[in-house]
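Q: What follows is a predicted structure for the sequence shown.
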Amino acid sequence: MNTYIDSHTHLHFKDFDDDRQAVIARAFDAGVRQIISLGTDVASSKRTLEISREYPTVFAATGIHPSEAHLAEKNAVTELEALAQSSTQVVAIGEIGLDFYWDKTHHKAQYAMFGKMLRLAEKLKLPVVIHNRSAQREMEWFFQEEQFKTVDGVMHCFAGDVIDARFYLDMGLHISFTANITYQNFSALDVVRYVPLDRLLLETDSPYIPPRQFRKQRNEPAHVVHVAEKLAEIHGKSVAEIAAITTENTRRLFRLPEVLAV
Ligand SMILES: [Zn+2]
């Protein structure tokens, strides 16, 4: 059986309150042996860590999402630092980044928080999970302006073009795609093909972005298998190869423990 890792979900969302345990069990049965769940502010980062303590296959990322940046309290960064250091279940700083699609009014707060989160990750020697929506040029400008030459982490739900992909790959970053690659109107096949297999991760971003056949339903980590299937098709590889290499990449990046394949 193939082993997968869902490198990006939000199990703390209320969408999972009624059946979180069943969702995690279903993922396990589908071969998804490790899951990284991400907080989006201090409170949800705490909750995410609680969930990861409850379920041994779940790991936590703690961070402040760009859409929450302007709401963060003064001591938010200090709190996150303490939280990230409190448990080995915390494997990354995320979800962080820039989002000028949903939030058009707090650009300054977003830049400031993104910088703080990147520096916190550097200090704690943790990889980052980066969200970038409608800020392709701005993010590249920010990295150059703030002199981040290399960053350990992943550009999640990648929506840039091949030139953007090159920029992030040159910085040492990984790239992950969600089930949006299964949609009929998905046109960036060249970008998916361009990302070398050793930099590729799988993710669902559940409860959002369900695969095509589950459209309008809640997404969940078990569905990461459909992302792997589509990537296999696009890259001309077997699903087993995609599962094996993305599992290895994700484990290496987030320093996850080995699990035995079943
Ligand atoms: Zn997310």
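A: Sure thing, it's come through.

Q: Now tell me what touches stretch 198-218 from outside.
A: 4-10, 13, 15-16, 154, 156-157, 169, 173-180, 182-184, 219-221, 223-224, 226-228, 231, 242, 245-246, 249-250, 253 (Cβ atoms under 8 Å, 6 or more residues apart in numbering). C-beta here means a position set from N, CA and C on the backbone, and glycine is covered the same way.

Q: What is the end-to-end distance of it?
A: 30 Å (Cα to Cα, to the nearest Å).

Q: Remind me what the longest helix belonging to the chain packs against, helices and strands.
A: Identified as the longest helix of the chain according to DSSP state H is helix 107-124. Helices and strands touching helix 107-124, by 3 or more Cβ pairs under 8 Å, 6 or more residues apart in numbering; DSSP states H and E, are helix 76-85, strand 90-99, strand 128-133, helix 136-145.

Q: could you dump the shortest one to CSV, C-alpha only?
A: Spelled out, it's strand 128-133. Only the C-alpha atoms of strand 128-133 are listed here, as CSV (Å, rounded to 0.1, in the frame of the first residue of the first chain):
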residue,chain,number,x,y,z
VAL,A,128,7.9,27.6,7.0
VAL,A,129,4.6,27.0,5.2
ILE,A,130,3.9,30.0,3.0
HIS,A,131,0.6,31.2,1.6
ASN,A,132,0.6,33.5,-1.4
ARG,A,133,-2.6,34.7,-2.9
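
Q: Pull out the buried residues from that strand.
A: Within strand 128-133, the residues scored as buried using 16 or more other Cβ atoms under 10 Å are 128-133.

Q: Can you tell me which of these is closest to the ion?
A: The closest of the buried residues of strand 128-133 to the ion turns out to be H131 (Cβ to the ion; 6.1 Å).

Q: Now that closest one: closest residue in space, sequence neighbours ignored.
A: Excluding its sequence neighbours, the residue lying closest to H131 (Cβ to Cβ, 6 or more residues apart in numbering) is G97, at 3.6 Å.

Q: what's near enough to touch the one you found?
A: By Cβ under 8 Å, 6+ apart, the neighbours of G97 are 65-66, 114, 130-133, 135, 139.

Q: Reformat these into a markdown table and put pLDDT next to each item.
A: Converted to a markdown table, those look like this (pLDDT from 0 to 100):
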| residue | pLDDT |
| --- | --- |
| H65 | 97 |
| P66 | 96 |
| F114 | 97 |
| I130 | 98 |
| H131 | 97 |
| N132 | 97 |
| R133 | 94 |
| A135 | 95 |
| M139 | 96 |
